[in-house]
Structures are given as C-alpha cells and as structure tokens.
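Enquirer: Based on what follows, work out the 3D shape:
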Amino acid sequence: MVVLIFVGVVLLAHYYLWHRLVRSTIGPGRLRKALTWGMVGLFVLIVGTFVSTRMELGHWLAWPGYVWLALLFYLVLFFVVLEIPRAVAGVFLRRAERKRAPEPGFEPQSESESEPVPVLASAAAPVEEAAPVETVPPPKGAAPVETVPPAERAAPVEQVAPPAPLSRRLFLGRATAAIAGAGALSAVGYGITSALGDPVLERVKVTLPDLDQRLGGLRFAVVSDIHLGPLTGRAHTERIVRMINGLEADVVAIVGDLVDGSVAELGALARPLKNLESRYGAYFVTGNHEYFAPGGFAEWIEELRQLDVRPLRNERVEIRHQGAVLDLAGVNDLNGTSQGDGPDFEKALGNRDTSRSTVLLAHQPVQVDQAARHGVDLQLSGHTHGGQMAPFNLVVGLQQPVVSGLATVDGVQVYVTRGAGFWGPPVRVGAPPEITMLELA
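Expert: Predicted structure coming up:
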C-alpha cells in the first residue's frame, strides 16, 4: 500500500510538472513530444532507483535518480508557490489587452490616407485601352534601345507580415518555468554542497537539576542517521570518526539509522567505526532503517560488536565518572515491533536506582512519552534529519515533538540531532549535517 501511494504521488508530480514545464511553454510539435517522453523516462528513473537500491541490484541509478527526485520536489514546490502570482499576472495582462484593442466599428486611418493610392487593374474593373504610343526611330549612329518584355519586368516586392506576438499563455508559462527552474537548481545545488560537506559541530550544555556534581562536565559525542549507503563511501565514515575523535568525548552515542543496506554490501564502509576513541566507550541503538536492511538487523548488531561499538538492546550500563555513577540506557526503535524486536522501557529502566541521573538513547523523539513515565532526565534522539529539505521540517513537526535541538517534553529534556548523513537525495536545505558535543552540567 505504501509503495502504491508513493508511485501515485510521484506520477502526479510528474504530470503536474509536464503541464507546467512542457505543455504551458511549448506549442504542439516534435519538441513537445520529445519532452513528454523525456518526462515519462524521468518517472521510470525514480521508480527504478528505489527498486534497485532497495533490492541491492546495483546502484548506478542512485545518483541521477535521487538528484532528479530532489529537483522534482523543488520544481513542484516553486510552481505551486507561483500559481497565485501567475493568476494575478494573467488578470493584468488580459486587462491591458482589452485597453489596447480598438473600439467596434472603428477603422484606424493609415498615415498615407491623404495621398493618392494607385489602383491596380483587375478583372472586376475594366480598364480603358491606352492610346497607341508613337515610336520614334533612334537617330543615326545611336545605339539601339533594348526594350524589356512585360513578362520580364521586376515583380512587385512582396511585404512579409511581422511575426505574431507571443501569446499571453506562452509568456506566463515560460516566465514561471524560468523562475521555478532557477529556484529549484539553486536550492538543489546548495543542498548537495551542504549534504556532502563536513558536518557542523554543535556544542550544547544541558543542565540536569538532580545531577551529581561530580558528573558535571561529562561529555557525549552524539551522532545519528549516518546512513551508510549507495551514495556514501568509506570516506564519509572516516570523516565522521575523525571529527568525533577530535572532540575527545567521554561517551560516543550513535542514535540509530547507521546503514541502508546489508553487511555484505556495506560492511567495509562501517569498518572505520572501530577507530572511534572515547573514555567510556561507544554505544548504539537501532533506528528504523536497521529493520529495513536486506540482511536483517541482527547481522548489524553482531557486526557492530566486532567493531567495538556496544549495542544497547533495551538495556542500560553504568558510566562511572569521578566517583559518581550515571545510568546510560538504550531502547530499540519502534519499527522493531513488527519483527519482534521493539522497545521495552521496563526492561531498560526498571528496578534502577532512581537517585541516579539517567540518559536514554532512543532513535525517535516521540519515544519521550514512555521515557517520561520512567523518570528519564535526558533523552538523545535523531530520526528527523531536522527536516533535511525545507519545508519538510514543518511536516516532521506534525509527527515528532521535537524536530531538532534541545527542548523539554513532559518534564524530560530531549536533544534531537539533525544527523550526519542523508537519506534518499544527497541534498540538505536548511538542515546541515551535524555532530554534537553535549556536556552535562
């Protein structure tokens, strides 16, 4: 059902784009037919991209397919925004045309109306026979004058009518297409640069009222949504590891959506995680994409253990720092429920010493409702990508209580990272990739 809805939406978007980019800007003819078939091909490209990447059939379609998906989104967005200005401009153009149109029954005079106009002979108007002209022979010694037969005389110059002015429909269609095209190309170009560039280092200090003073200054390197996949390489992981190690954190927290594929395909890309450095270790909780992996989530759990990254599977560990203890807990993602691997807050947080402060790793911010019932002090989440491509941040806010940054929900402080990677299009607009240094106070 979800697949059919996706295909339907993409098909509708391509039809709308055809109507605005092709039908409204080009008259009937070969060019319109060629561009129409080109739009059909782009629709097939997107469907093929999702099928091939999901089934690991080869990723040569990924770059063009996902980049076109981003362009499709922003073209549709710009055209929709321009619909009202386009309609208003059409009204003004119609009024201007009415003012320029001549009044009924009024025939404008030509500038040469006062001058005599030669009358051409026609079959309808007989012409009087001209009197014979007397020919005078040329004087002796003079060159004979050559006469030109009437048939060989120069024909009158045929006046070409000026080209018809561009219709109002074509003018508006081409103007809005130019604006929408320039806007979409600019947005996607900027977004690709942002998505493929270095993540932003965010430094956040979180005050926990009941925190043991000896735990003050404990630092977490928080990263989420790395999304190792067909458009990322090993260099993507190496850069993230290098940036985290530069923070010299006490704890590394990887909050889900690490991969978009199987261990067989992406294991080499994850290998640099073995070089993560921190005082008390690196920890991981599953995100929704781990449950979409073709090889299953369990193989990634084992792979991460081999890379010295400890999965927290509805469990908690004690972080001992300067003689004090902090409970660090982790719960599985909500999408694991369908595979018998869902979150279990009671298992992760039950029977604990409630005098200790607790930090919870949970992929989706919406899981804070359960965290509040179990007395969690701080929840670290990802999942939202900060919207990834504005204005999706407005849509994400309808599902998740926090889109990005630090907020308090039901008495629990929640920090949501925008993630260090991207899903689908390699584009981030208004939500640059992020690695966070979070310090407790």
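Enquirer: ranges for the helices of the protein?
Expert: If DSSP state H is used as the criterion, the helices of the chain fall at 2-18, 30-54, 62-100, 168-196, 234-247, 263-270, 297-306, 345-349, 368-373, 392-396.
Enquirer: In JSON lines, list those helices along with distance to residue 290.
Expert: C-betas here are computed from N, CA, C, even on glycine. Formatted as JSON lines, the entries for the helices of the chain read as follows, by distance: least, Cβ to Cβ, whole Å:
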{"stretch": "helix 2-18", "distance to residue 290": "18"}
{"stretch": "helix 30-54", "distance to residue 290": "15"}
{"stretch": "helix 62-100", "distance to residue 290": "20"}
{"stretch": "helix 168-196", "distance to residue 290": "21"}
{"stretch": "helix 234-247", "distance to residue 290": "16"}
{"stretch": "helix 263-270", "distance to residue 290": "11"}
{"stretch": "helix 297-306", "distance to residue 290": "4"}
{"stretch": "helix 345-349", "distance to residue 290": "17"}
{"stretch": "helix 368-373", "distance to residue 290": "19"}
{"stretch": "helix 392-396", "distance to residue 290": "20"}
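Enquirer: got the angle between the helix or strand of the chain with the lowest mean pLDDT and helix 30-54?
Expert: Every helix and strand of the chain was ranked by mean pLDDT, DSSP states H and E. The lowest is helix 62-100, at a mean of 89. Direction vectors for helix 62-100 and helix 30-54, defined by axes from the mean of the first three to the mean of the last three Cα atoms, to 10 degrees, enclose an angle of 150 degrees.
Enquirer: list the helices and strands helix 62-100 packs on?
Expert: Packing partners of helix 62-100 (3 or more Cβ pairs under 8 Å, 6 or more residues apart in numbering; DSSP states H and E): helix 2-18, helix 30-54, helix 168-196.
Enquirer: So which of those helices is nearest residue 253?
Expert: With respect to residue 253, and counting by Cβ to Cβ, the nearest of the helices and strands packed on helix 62-100 is helix 168-196 at 22.2 Å.
Enquirer: what is the mean pLDDT for that closest one?
Expert: Here helix 168-196 scores 94 as its mean pLDDT.
Enquirer: for it, which positions count as buried?
Expert: Neighbour-count burial for helix 168-196 flags 172-173, 176-177, 179-181, 183-184, 187-188, 191-192, 194-195 (criterion: 16 or more other Cβ atoms under 10 Å).
Enquirer: Need the helices and strands packed on helix 62-100 in CSV (columns: distance to residue 216).
Expert: Putting those into CSV (distance: least, Cβ to Cβ, whole Å) gives the following:
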stretch, distance to residue 216
helix 2-18, 46
helix 30-54, 45
helix 168-196, 34
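Enquirer: Out of those helices, the one nearest residue 345 is which?
Expert: When the helices and strands packed on helix 62-100 are ranked by distance to residue 345, counting by Cβ to Cβ, first place goes to helix 2-18 at 27.4 Å.
Enquirer: With just CA atoms, put that closest one into PDB.
Expert: Listed next in PDB are the C-alpha coordinates belonging to helix 2-18 (Å, rounded to 0.1, in the frame of the first residue of the first chain):
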ATOM      1  CA  VAL A   2       2.800   2.400   0.900                       C
ATOM      2  CA  VAL A   3       4.600   1.600  -2.400                       C
ATOM      3  CA  LEU A   4       1.400   2.300  -4.400                       C
ATOM      4  CA  ILE A   5       0.900   5.600  -2.600                       C
ATOM      5  CA  PHE A   6       4.500   6.600  -3.300                       C
ATOM      6  CA  VAL A   7       4.200   5.700  -7.000                       C
ATOM      7  CA  GLY A   8       0.900   7.600  -7.300                       C
ATOM      8  CA  VAL A   9       2.300  10.700  -5.700                       C
ATOM      9  CA  VAL A  10       5.400  10.600  -7.900                       C
ATOM     10  CA  LEU A  11       3.300  10.100 -11.000                       C
ATOM     11  CA  LEU A  12       1.000  13.000 -10.100                       C
ATOM     12  CA  ALA A  13       4.000  15.200  -9.600                       C
ATOM     13  CA  HIS A  14       5.400  14.400 -13.000                       C
ATOM     14  CA  TYR A  15       2.100  15.100 -14.700                       C
ATOM     15  CA  TYR A  16       1.900  18.500 -13.000                       C
ATOM     16  CA  LEU A  17       5.400  19.200 -14.000                       C
ATOM     17  CA  TRP A  18       4.700  18.200 -17.600                       C
END
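Enquirer: Quick one: residues contacting residue 412.
Expert: By Cβ atoms under 8 Å, 6 or more residues apart in numbering, the residues touching residue 412 are 368, 371-372, 376-379.
Enquirer: now it, nearest residue through space, not along the chain?
Expert: Spatially, and ignoring its direct neighbours in sequence, residue 412 is nearest to residue 372 (4.9 Å; Cβ to Cβ, 6 or more residues apart in numbering).
Enquirer: And for that neighbour, the neighbour number?
Expert: Around residue 372 there are 15 other residues, counting by other Cβ atoms under 10 Å.
Enquirer: now for the helices and strands packed on helix 62-100, which one comes closest to residue 359?
Expert: Shortest separation from residue 359 across the helices and strands packed on helix 62-100 is recorded for helix 168-196, at 28.8 Å, computed as Cβ to Cβ.
Enquirer: where does the chain dip in pLDDT?
Expert: Within the chain, the stretches with pLDDT under 70 are 56-58, 101-166.
Enquirer: again, 80 this time
Expert: Of all residues in the chain, those with pLDDT under 80 make up the ranges 1-2, 54-60, 93-168.
Enquirer: Point to the residue nearest the middle of it.
Expert: Nearest to the centroid of the C-alpha atoms of the chain, with distances taken as Cα atoms, centre = their mean, sits residue 70, at 3.4 Å.
Enquirer: From residue 184, how far off is that one?
Expert: Noted for residue 70: a distance of 8 Å to residue 184, by Cβ to Cβ, to the nearest Å.
Enquirer: Check residue 243 too.
Expert: Taking Cβ to Cβ as the criterion, residue 243 is separated from residue 184 by 31 Å.
Enquirer: How about residue 273?
Expert: With distances taken as Cβ to Cβ, residue 273 is found 36 Å from residue 184.
Enquirer: do residue 276 as well
Expert: 38 Å.
Enquirer: which residue packs closest to residue 325, ignoring adjacent ones?
Expert: Distances taken as Cβ to Cβ, 6+ apart place residue 318 nearest to residue 325, at 5.1 Å, with adjacent residues excluded.
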